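Enquirer: fold the following.
(2 chains)
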Amino acid sequence: MSVRTILAAGVVTALALFPSAAMHALGDLRRMFLGDRQYTSDRARITLIVPSPGSSGRSTALRVVYRMREVEYRQYWVAKIFRAEVISGPRIATAEEAKRQVATTRGAIALIPVSAVDRTVKVVVVNGRRPGQTGYDLR
Amino acid sequence: MLLAPSTPMLWRPDAQLSLEDEMRSLLGAGVLALLLAAPAAAQERHPNAQIIGFTDFNFLTTERPLPDGFRSGQFAGHLSAELTPRLGVFAEVTATPITPVQTGFNIEIERSILRYDFSDYLKLSAGRYHTPVGYWNTAFHHGQWLQTSVNRPEMVKFGGQFLPVHFVGLLAEGSVGSGGLSVRYHAGIGNGRGTNIARGGDAGDVNPQRAWVAGLSVSPGTPRQLQIGASAYGDRANLAVGNPVDERLVGAFFAWTAERPEIIAEYASVRHTQTGGGPRATSKAGYVQLAYRLPGGASAWKPYARYEQVEVPAADPLLGTLGLNYRAVLAGLRFDFAPVAALKAEYRREKPGGPRWFDTIILQVSFTFPRWQEEHASSEGVTP
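Expert: Numbering: from 1, shown residues only, chains lettered A, B, ... in the order given. This is a model prediction of the structure:
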């Protein structure tokens, strides 16, 4: 299993599995998670993996990355699919499942709790900061 | 007291059904049935298939000379499916009550699109589209639940004639971005208005002059869900009598749909020139809609208001005799009583041509189904 890149923040982590991109601006990550950017720079299809509803990471993902309430998030993806801008929305997974998917799937990007980060993945640097550093955005 | 559909004069108010119409209805009904039956089967066969449905029911009382009573709204089914990692298909089928006199539903294939994604920068598609001019026509399609108000603005109403609502042809689109900034473009060529100018040329163009469309929009990322864009459209439309009319449309929009607030404004100017030295005139239309999702415990409630206007001079060689002049002010309240359903109450004051204003009150319940949920990442292989 190859080591991939992870993006961690506070309680929740964005686990970004981009082999070639260990650092992202938060705006870039938002474009990916909003489905506005659907391919990596090497033309791999981006697969979004987010925490399941009710999990500890879900609210952080919605607040920090999507900046939406749960109901807005669902309406956003219904509209996005209905407009034919994307074929499907993000997928959900537990942290362990997300790590497995990210480690084995080209172009996958996931959000997991920072406590779940291990050596199978690397933390993605967001706006130049890592989890635990002052000013890290994904908290 | 009068009652009318959510969109007055939806599809073909003229309608004696011909054999061709009936065949098309049968074909559409088959596709619609397939869409409705497809969710479980499609998702079992291929993980990347999504089915979304919308429908609405209305009660309307109005001073306008429109039919009275409760009314079924439009039923819309949408299928999107990934055929290969880069090839996708999108289809939207609707069933619409015909008229109170002629009972039954009119089945229509609204969109049918096959698209290949080269990258974010270039996606090529072919099919039948809602013409990508302005904002509303491609933002909400036939999903009444998605839009804040009960109906579309007059300038983009389905079955309307001011804008060419449908487009059959080829479309290139894509986006570039950095940070939160996204710039999107589209450009297409295809069949424009048909002999019935409210419809696209589904079975071929009515003249050798193809329609074209192009547009550009920008989303800065912050504030979120803000989009500003402009588009242009050109075509040659045939008249029943007289020389064809060249059509040149330019439009712009501002859409900030972050709920607190929601501001959508759109404007279009369309110049019609009759070939052979005939008359030339410019018609204009636009609207501004404001809404605000209330905070805290009242977040299910969303008051809204809209002003809209359509101005068509009598000298317009394509639209001048159709009585399209229109002004309206409306105010409403949307109540999202469930995550997938909304109740809307709306008051309109309209002046559809002529000097008189008409008052209308509409109640609508609209919803989407099934409730959308993310697929589980471990339930199937993620496409590499």
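Enquirer: hey, let's count contacts and neighbours off CA atoms from now on
Expert: Will do.
Enquirer: distance of B:Ser366 from B:Thr275?
Expert: Distance, B:Ser366 to B:Thr275, using C-alpha to C-alpha, to the nearest Å: 45 Å.
Enquirer: for these two, indicate the residue with more neighbours.
Expert: B:Ser366 (24 against 15; other C-alpha atoms under 10 Å in any protein chain shown).
Enquirer: regarding B:Thr138, what is its secondary structure?
Expert: Three-state call for B:Thr138 (DSSP: H, G, I helix; E, B strand; the rest coil): helix.
Enquirer: which ones are touching it?
Expert: Under the criterion of C-alpha atoms under 8 Å, 6 or more residues apart in numbering or on different chains, the contact list for B:Thr138 reads A:83, B:130-132.
Enquirer: pLDDT wise, what is it at?
Expert: Per-residue confidence (pLDDT) for B:Thr138: 94.
Enquirer: quick one on the thing from earlier: and the contacts of B:Thr138 as TSV, adding secondary structure?
Expert: As requested, the contacts of B:Thr138 are exported to TSV (three-state DSSP):
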residue	secondary structure
A:Arg83	coil
B:His130	strand
B:Thr131	coil
B:Pro132	coil
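Enquirer: B:Arg210 reaches B:Gly192, doesn't it?
Expert: Yes: using C-alpha atoms under 8 Å, B:Arg210 is in contact with B:Gly192, at 6.5 Å.
Enquirer: pull up the gap between B:Ala198 and chain A, please.
Expert: 22 Å (C-alpha to the nearest C-alpha, to the nearest Å).
Enquirer: so which bits of chain B are right by chain A?
Expert: Neighbours of chain A within chain B, by C-alpha under 8 Å from any C-alpha of the partner chain: B:48-50, B:52, B:78, B:80-82, B:85, B:88, B:90, B:119-120, B:138-141, B:146, B:175, B:178-182, B:221, B:339, B:372-378, B:382-384.
Enquirer: out of these, which sit inside helices?
Expert: Among these, the residues falling in helices (DSSP state H) are B:138-139.
Enquirer: number of nearby residues for B:Thr257?
Expert: By other C-alpha under 10 Å, neighbour count at B:Thr257 equals 18.
Enquirer: contact partners for it?
Expert: B:Thr257 sits next to B:225-226, B:263-264 when contact means C-alpha under 8 Å, 6+ apart.
Enquirer: secondary structure and pLDDT for those residues - can I get that in CSV?
Expert: Listed next are the contacts of B:Thr257 as CSV, based on DSSP: H, G, I helix; E, B strand; the rest coil; pLDDT from 0 to 100:
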residue, secondary structure, pLDDT
B:Gln225, coil, 93
B:Leu226, strand, 96
B:Ile263, strand, 98
B:Ile264, strand, 98
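Enquirer: now, which of these sits nearest A:Tyr66?
Expert: B:Gln225 (10.4 Å; C-alpha to C-alpha).
Enquirer: dump the residue contacts of the closest one.
Expert: B:219, B:255-258.
Enquirer: what's the farthest-apart pair in the contacts of B:Thr138?
Expert: Going by C-alpha to C-alpha, the pair spanning the contacts of B:Thr138 furthest: A:Arg83 and B:Thr131, at 12.2 Å.
Enquirer: hmm, who's touching stretch B:328-336?
Expert: Stretch B:328-336 has contacts (C-alpha under 8 Å, 6+ apart) with B:148-149, B:300-309, B:342-351.
Enquirer: actually stretch B:298-309, not the one I typed
Expert: Against stretch B:298-309 from outside (C-alpha under 8 Å, 6+ apart): B:148-149, B:153-155, B:285-294, B:325-337.
Enquirer: how far does that stretch sit from the chain's center?
Expert: Chain-centre distance of stretch B:298-309: 19 Å, with C-alpha atoms, centre = their mean, to the nearest Å.
Enquirer: just the C-alpha atoms of that stretch, please, in PDB.
Expert: C-alpha atoms of stretch B:298-309 as PDB (Å, rounded to 0.1, in the frame of the first residue of the first chain):
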ATOM      1  CA  ALA B 298     -36.800  30.100  12.100                       C
ATOM      2  CA  SER B 299     -34.300  28.800   9.400                       C
ATOM      3  CA  ALA B 300     -37.100  26.800   7.700                       C
ATOM      4  CA  TRP B 301     -38.700  30.100   6.600                       C
ATOM      5  CA  LYS B 302     -37.500  32.100   3.700                       C
ATOM      6  CA  PRO B 303     -39.300  35.300   2.600                       C
ATOM      7  CA  TYR B 304     -38.700  36.500  -0.900                       C
ATOM      8  CA  ALA B 305     -39.700  39.100  -3.500                       C
ATOM      9  CA  ARG B 306     -39.200  39.700  -7.200                       C
ATOM     10  CA  TYR B 307     -39.700  42.400  -9.700                       C
ATOM     11  CA  GLU B 308     -39.800  41.400 -13.400                       C
ATOM     12  CA  GLN B 309     -40.400  43.100 -16.700                       C
END
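Enquirer: so which bits of that stretch are buried?
Expert: Neighbour counts using 16 or more other C-alpha atoms under 10 Å in any protein chain shown place B:300-309 of stretch B:298-309 among the buried residues.
Enquirer: make TSV out of those residues and add secondary structure and pLDDT.
Expert: Output for the buried residues of stretch B:298-309, formatted as TSV (three-state DSSP; pLDDT from 0 to 100):
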residue	secondary structure	pLDDT
B:Ala300	coil	96
B:Trp301	strand	97
B:Lys302	strand	98
B:Pro303	strand	98
B:Tyr304	strand	98
B:Ala305	strand	98
B:Arg306	strand	98
B:Tyr307	strand	98
B:Glu308	strand	98
B:Gln309	strand	98
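Enquirer: no more questions from me, cheers.
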